[in-house]
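Participant: need coordinates for the following:
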Amino acid sequence: MKLLIIIVDDSDSRPLMDALNRAQIGVTRLASTGGFLLEGNTTLLVGVPDEQVDAVLAIVRSTCMRRQRLIPQPVAEMPGSAPLPIEVEVGGAIVWVLHVEQMQRI
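Facilitator: Predicted structure coming up:
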């Protein structure tokens with residue numbers, strides 16, 4: 001059995017959870033905060049038999065696409081200057097796959 005720890009952008013969490021549920025794969029959602037843009041992330045815990053890991057990863061790949069977003073730069077201290085937005089890459093997913101000796105539903 002494997003435990004997948006999946007961290008995704010908040011905007012990707014609902015579509016990913018819906019896709020996993022349609023595939024009859026259970027998921028537990030934990031709220032978390034990212035360090036880069038200080039925006040919300042979602043951490044998902046998914047426990048599956050070894051043979052389902054590739055199916056879960058395929059769902060993650062098809063649901064959590066990387067994309068570009070414009071964000072404002074911090075306000076400059078120079079009078080009369082306006083901050084220009086910068087483009088950053090957001091989205092995607094970070095996935096850890098861990099071996100699990102035992103899992104019980106109680």
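Participant: which parts of this structure are helices?
Facilitator: 10-22, 53-63 (DSSP state H).
Participant: for the last one, what is the average pLDDT?
Facilitator: For helix 53-63, mean pLDDT rounds to 96.
Participant: same deal with the longest one?
Facilitator: Mean pLDDT, helix 10-22: 94.
Participant: pull out the buried positions in it.
Facilitator: Going by neighbour count (16 or more other CB atoms under 10 Å), the buried part of helix 10-22 is 12, 13, 16, 17, 19, 20. C-beta here means a position set from N, CA and C on the backbone, and glycine is covered the same way.
Participant: now the second one, nearest residue through space, not along the chain?
Facilitator: In space, residue 13 comes closest to residue 42 once its chain neighbours are excluded; the distance is 3.7 Å by CB to CB, 6 or more residues apart in numbering.
Participant: what sits against the one you found?
Facilitator: By CB atoms under 8 Å, 6 or more residues apart in numbering, residue 42 lies in contact with 7, 8, 9, 10, 12, 13, 29, 30, 31, 32.
Participant: is it possible to get JSON lines of the buried residues of helix 10-22 that adds distance to residue 84?
Facilitator: Output for these, formatted as JSON lines (distance: CB to CB, whole Å):
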{"residue": "12", "distance to residue 84": "27"}
{"residue": "13", "distance to residue 84": "30"}
{"residue": "16", "distance to residue 84": "33"}
{"residue": "17", "distance to residue 84": "36"}
{"residue": "19", "distance to residue 84": "37"}
{"residue": "20", "distance to residue 84": "39"}
